[in-house]
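> A structural model of the following input is requested.
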Amino acid sequence: QVQLVESGGGLVQAGGSLRVSCAASGRPLSFYVMGWFRQAPGKEREFVAAISRSAYGREYADSVKGRFTISRDNTKNTVYLQMDSLKPEDAAVYYCAAGPYGSSWPIPKTAFGSWGQGTQVTVSS
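Here you go, the predicted structure:
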């Protein structure tokens with residue numbers, strides 16, 4: 001089982017940037033397709049972005065395409081989400097998630113089964 005810990009959330013003004021990180025332990029990150037999800041108050045958790053094990057494949061939600069960039073550094077067992085041109089509607093708790101061990105790309109959004117505790121992102125207008 002892989003353990004995930006997010007960090008880097010905070011308060012940012014609309015139009016600003018923020019990078020959140022997800023550090024993995026327990027198993028090498030290179031064996032996992034990784035994703036970022038978010039949940040705003042009163043809303044269901046939604047998919048944000050995903051990245052294949054070797055980073056050749058990336059997928060984004062339409063709402064963040066062109067503004068957010070997912071990346072990974074398997075040597076550091078860390079996944080990142082660079083968020084630019086932030087909007088108030090991007091405010092949420094951001095969670096990283098891992099797909100099944102050893103899975104290939106792509107995977108269904110429902111296949112992500114290991115989750116971090118989340119990091120809060122607040123965007124002021």
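> in stretch 25-45, what counts as buried?
Within stretch 25-45, the residues that count as buried by 16 or more other C-beta atoms under 10 Å are 29, 31-38, 45. Yep, even glycine has a C-beta here, placed from its N, CA and C like the rest.
> so which helix or strand of this protein has the lowest pLDDT on average?
Using mean pLDDT, DSSP states H and E, strand 114-115 stands out as the lowest-scoring helix or strand of the chain, at a mean of 94.
> tell me which other helices or strands it touches.
Counting contacts by 3 or more C-beta pairs under 8 Å, 6 or more residues apart in numbering; DSSP states H and E, strand 114-115 packs against strand 3-7, strand 92-98.
> how about those strands in CSV, adding mean pLDDT?
CSV is the format used below for the helices and strands packed on strand 114-115 (pLDDT from 0 to 100):
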stretch, mean pLDDT
strand 3-7, 97
strand 92-98, 98
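> what would these look like in TSV with mean neighbour count and distance to residue 25?
As requested, the helices and strands packed on strand 114-115 are exported to TSV (neighbours: other C-beta atoms under 10 Å; distance: least, C-beta to C-beta, whole Å):
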stretch	mean neighbour count	distance to residue 25
strand 3-7	17	5
strand 92-98	24	11
